[in-house]
Structures are given as structure tokens and as C-alpha cells.
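A.B. asks: build me a model:
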Amino acid sequence: MHATIGDRLHVHGNAVGRADRIGEILEVRGPDGAPPYVVRFDDGHTGLIFPGPDAEVEAASAGLPGHAGAPVPGGRRQGW
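C.D. replies: Numbers count the residues shown, from 1 in each chain. Have a look, this model is predicted:
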């Protein structure tokens, strides 16, 4: 797993009825973008996180038009 400051950490709910948690990565404490990460979740909680297999990093620039995999006008995605 590799992250940079500003990326989003998406932790998928791993039990029925358990909601996903999404937060912004504020600090990367491991070498070369590796965990652990300091994350501020959307509910306001901040903590040092060692992500498990139910988590993924979403690049901060993924939502910008023209970025590979980002939505672009016309409903197509670039980079596919």
C-alpha cells in the first residue's frame, strides 16, 4: 500500500450493517508512502491507522477531470 498526504483512505465495512469509513490522509509515517497513516475520518475522528486488507488508498487527484480513471465530460473515463 502506498499513499501521499491528501489521498483518501477508504475502509470497507467488513460485517453486515457496518458502514464504510472514509478519511483524508494527513501524515504518512512509513517509508516511501507505506503505513502507518494519520487519518482524519469524515466523522471528525483522527487517528494513527495501520490499514488492513479491507482498506484501499484513493488518490487525491482521482476526482480531477483529465486524470486517468477520473470522470470526464461525456460519461467516459480516461486511461481505460
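
A.B. asks: okay, CA-based contacts and neighbour counts for the rest of this
C.D. replies: Fine.

A.B. asks: quick one: mean pLDDT for the lengthiest strand in the chain?
C.D. replies: Criterion DSSP state E: the longest strand present in the chain is strand 21-28. In this model, strand 21-28 has an average pLDDT of 96.

A.B. asks: what packs against that strand?
C.D. replies: Helices and strands touching strand 21-28, as assessed by 3 or more C-alpha pairs under 8 Å, 6 or more residues apart in numbering; DSSP states H and E, comprise strand 8-11, strand 37-41.

A.B. asks: from the chain's centroid, how far away is the longest one?
C.D. replies: The gap between where strand 37-41 is centred and where its chain is centred comes out at 10 Å by C-alpha atoms, centre = their mean, to the nearest Å.

A.B. asks: that strand pairs with which strands?
C.D. replies: Strand 37-41 pairs in its sheet with strand 21-28 (antiparallel), strand 46-49 (antiparallel), by DSSP bridges.

A.B. asks: for the shortest one, same thing?
C.D. replies: Looking at strand 8-11 with DSSP bridges, its paired strands and their directions are strand 21-28 (antiparallel), strand 55-58 (antiparallel).

A.B. asks: make JSON lines out of the helices and strands packed on strand 21-28 and add mean pLDDT, mean neighbour count and distance to residue 20.
C.D. replies: Output for the helices and strands packed on strand 21-28, formatted as JSON lines (pLDDT from 0 to 100; neighbours: other C-alpha atoms under 10 Å; distance: least, C-alpha to C-alpha, whole Å):
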{"stretch": "strand 8-11", "mean pLDDT": "96", "mean neighbour count": "21", "distance to residue 20": "6"}
{"stretch": "strand 37-41", "mean pLDDT": "97", "mean neighbour count": "21", "distance to residue 20": "11"}
